[in-house]
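Student: Mind looking at a prediction? Sequence and model below.
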Amino acid sequence: QNTLYLRVRIGDLDDDLYAIFINDVSEQRRFEAMRRDFVTNVSHELKTPAGAISLLAETVTDAADDPDAVRYFSGRISKESARLIELVHHLIDLQKAQNAQGIMNAQRISALDIARDAIAANQVQADARHVDIRLSVNGKTVPSEASGVQAAPAAAASTDSGEQRKQTEPAEQSEQQTADVQPTDAAPMIVADKEAIVTAVKNLVENAIHYSPEHTTVAVGVAQSGDKVTIRVVDQGIGIPAKSLDRVFERFYRVDPARSRETGGSGLGLAITKHCVQENGGSIAVWSHEGEGSTFTIELPAAPAEA
Ligand code: ADP
């Protein structure tokens, strides 16, 4: 595949034909370099918490007669272990997402259910940070738990007034989500691997909470416009500098590595999200302004109407 075949006739050498094979290995080399970088990154990310745990365990043994020190160092051991476990989970998710081709379990699912599962998975962290998560369907607020009220009517789908406005004015969008709860029966439907899309949205909600100050709001919006379904996560957090916007989906890329490590990020969440979405025929976009917040928008093909 990487070999370029040239068949040339050289001078008057008795009309002999010579074949020259030029092997273009640049793509192979690039892939190899990426693989090496990945292994180096993984080793580094695993070594840091593992090394810390080992040191802290020694320290806690030395400080055995001081209950305060034991409590403090045990707490740090728990934190580093949690980081290690998160990284291993993310590596497994990434592996699954990268190898997903053709083995996904595509099914007809409600985008609202996806959003609710993703919110439920993050509710404890949100409560701990006093972050209020609001859920809306086609612009109408709905409860984030599944009981009772369902999604907005199909007719409301066309009122979702387009990508551009929301990409440029996410704050306005979240303010629009008033408290009027609309009991209806038609949620936007997609055909996708549920586990993959829940993983994708869960990572976005997790980041939205993680990179926002306490007492802020994260708005999760599900909407249908024509044959597209969007799942949007809007936060009022620290935002992402313009120069980093293109890079946040790269494996192990972090805007502020020290801060992310301190607060427990693996650097893999958005890479996993992007894979999960793309494997299901969708795309993901980010809008952000430093200090104003971020908006991540997943776009997926809407499921065809049921016969
Ligand atoms: P991490 O585990 O570090 O959060 P991710 O792949 O999920 O890794 O995100 C990559 C980087 O993108 C983060 O380290 C952070 O700098 C930035 N980022 C992601 N989501 C947000 C957000 N909602 N607000 C601000 N920065 C974000």
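Tutor: Noted; the coordinates are in hand. What you see is a predicted model; the values in this text were computed from it and never measured. Numbering: from 1, shown residues only.

Student: For this protein, just list every one of the strands.
Tutor: Secondary structure of the chain by DSSP state E: the strands cover 3-9, 17-23, 106-110, 132-137, 140-142, 189-193, 217-225, 228-234, 283-289, 293-301.

Student: okay, those in a markdown table with mean pLDDT and distance to the ligand next?
Tutor: C-beta coordinates here come from the backbone N, C-alpha and C atoms, glycine included. A markdown table is the format used below for those (pLDDT from 0 to 100; distance: least, Cβ to the nearest ligand atom, whole Å):
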| stretch | mean pLDDT | distance to the ligand |
| --- | --- | --- |
| strand 3-9 | 62 | 36 |
| strand 17-23 | 68 | 36 |
| strand 106-110 | 93 | 24 |
| strand 132-137 | 96 | 13 |
| strand 140-142 | 92 | 21 |
| strand 189-193 | 95 | 20 |
| strand 217-225 | 96 | 9 |
| strand 228-234 | 97 | 8 |
| strand 283-289 | 97 | 7 |
| strand 293-301 | 98 | 4 |
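
Student: can you list these in a markdown table and add mean neighbour count and distance to Thr199?
Tutor: A markdown table is the format used below for the strands of the chain (neighbours: other Cβ atoms under 10 Å; distance: least, Cβ to Cβ, whole Å):
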| stretch | mean neighbour count | distance to Thr199 |
| --- | --- | --- |
| strand 3-9 | 9 | 38 |
| strand 17-23 | 9 | 39 |
| strand 106-110 | 15 | 13 |
| strand 132-137 | 22 | 17 |
| strand 140-142 | 23 | 22 |
| strand 189-193 | 22 | 9 |
| strand 217-225 | 24 | 15 |
| strand 228-234 | 24 | 12 |
| strand 283-289 | 17 | 13 |
| strand 293-301 | 22 | 12 |
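
Student: Save those strands as TSV, and put in distance to Glu206 too.
Tutor: Below are the strands of the chain laid out as TSV (distance: least, Cβ to Cβ, whole Å):
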stretch	distance to Glu206
strand 3-9	45
strand 17-23	44
strand 106-110	21
strand 132-137	11
strand 140-142	21
strand 189-193	19
strand 217-225	10
strand 228-234	10
strand 283-289	15
strand 293-301	11
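
Student: which stretch among those comes nearest Asn99?
Tutor: Proximity to Asn99 (Cβ to Cβ) singles out strand 189-193 among the strands of the chain, at 12.4 Å.

Student: angle of the closest one against strand 106-110?
Tutor: Orientation of strand 189-193 against strand 106-110 (axes from the mean of the first three to the mean of the last three Cα atoms, to 10 degrees) gives an angle of 140 degrees.

Student: Send me strand 189-193 as CSV with only the CA atoms.
Tutor: Provided in CSV are the C-alpha atoms of strand 189-193 (Å, rounded to 0.1, in the frame of the first residue of the first chain):
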residue,chain,number,x,y,z
MET,A,189,-34.2,9.4,18.2
ILE,A,190,-30.9,8.2,16.8
VAL,A,191,-29.5,4.9,15.6
ALA,A,192,-26.3,4.3,17.5
ASP,A,193,-24.4,2.2,20.0
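
Student: quick check, distance from that strand to the centre of its chain.
Tutor: 17 Å (Cα atoms, centre = their mean, to the nearest Å).

Student: count of residues packed around the closest residue to Val131 other than its chain neighbours?
Tutor: Counting by Cβ to Cβ, 6 or more residues apart in numbering, the nearest residue to Val131 once its immediate chain neighbours are dropped is Ile209, at 5.0 Å. As a burial measure, Ile209 scores 23 neighbours (other Cβ atoms under 10 Å).
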